[in-house]
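**Student:** sequence and computational prediction follow.
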Amino acid sequence: MKTLKSWAAMVLLLAVAAIYVTGCASSRSSQVYSRDQARQVQTVENGTVESVKEVMIEGTKTPIGTAAGGVAGGVLGSTIGKGSGRTVATVLGALAGAAAGTVAEEGITRKPGLEIIVKKDNGQTIVIVQEADVMIAAGDRVRIIAAPDGTTRVSK
């Protein structure tokens, strides 16, 4: 019965951690604005897309995934063996779980992106990387929107 409760606790903890980690991931989308960017003046320039390349935007690496994985691994390890063997299994489970939690968080929050090279109308060439949520192709006329905080996005 204790093992069943441990498994149930571990599954619940992992589910809560997964929801928390994905909910906290910041967006690199051209269509998502932060609360701080709302109602702020942003500059707009026009340009032509020279090239677009698919890239991968790495996921977040916060202590949350590590901690959740460590707790889950420790709970799982505590169900193995007796006495000092159980203690060793708990510690090893926590270490392995922490490593797995870190990798899982980064993988869950990783996103496909686009590296967009734009030649602005003033002749300057810039590169912007953003989530691949808007279809942009070479030759497209686009707007480059820059916020005071340095966030820049390409929009059609």
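**Tutor:** Cool, the structure landed.

**Student:** count of neighbours near residue 95?
**Tutor:** Number of residues near residue 95 (other C-beta atoms under 10 Å) recorded here: 15. Just so you know, the C-beta spots here come from the backbone N, C-alpha and C atoms, and that holds for glycine as well.

**Student:** in terms of helix, strand or coil, where does it fall?
**Tutor:** Three-state assignment for residue 95 (DSSP: H, G, I helix; E, B strand; the rest coil): helix.

**Student:** can you give me the helices for the protein?
**Tutor:** Taking DSSP state H as the criterion, the chain contains helices spanning 2-24, 63-77, 83-109.

**Student:** tell me the domain boundaries of this protein?
**Tutor:** As assigned by automatic domain parsing, the chain contains the domains 1-28+59-109, 31-58+111-156.

**Student:** ok, and which of those domains has the densest surroundings?
**Tutor:** Across the domains of the chain, the average number of neighbours (mean count of other C-beta atoms under 10 Å) peaks for domain 1-28+59-109, which reaches a mean of 16.

**Student:** pLDDT of that one, averaged?
**Tutor:** What domain 1-28+59-109 shows for mean pLDDT is 67.

**Student:** also stretch 146-156?
**Tutor:** Across stretch 146-156, pLDDT averages out at 91.

**Student:** please apply the same query to stretch 131-139.
**Tutor:** Average pLDDT, stretch 131-139: 93.
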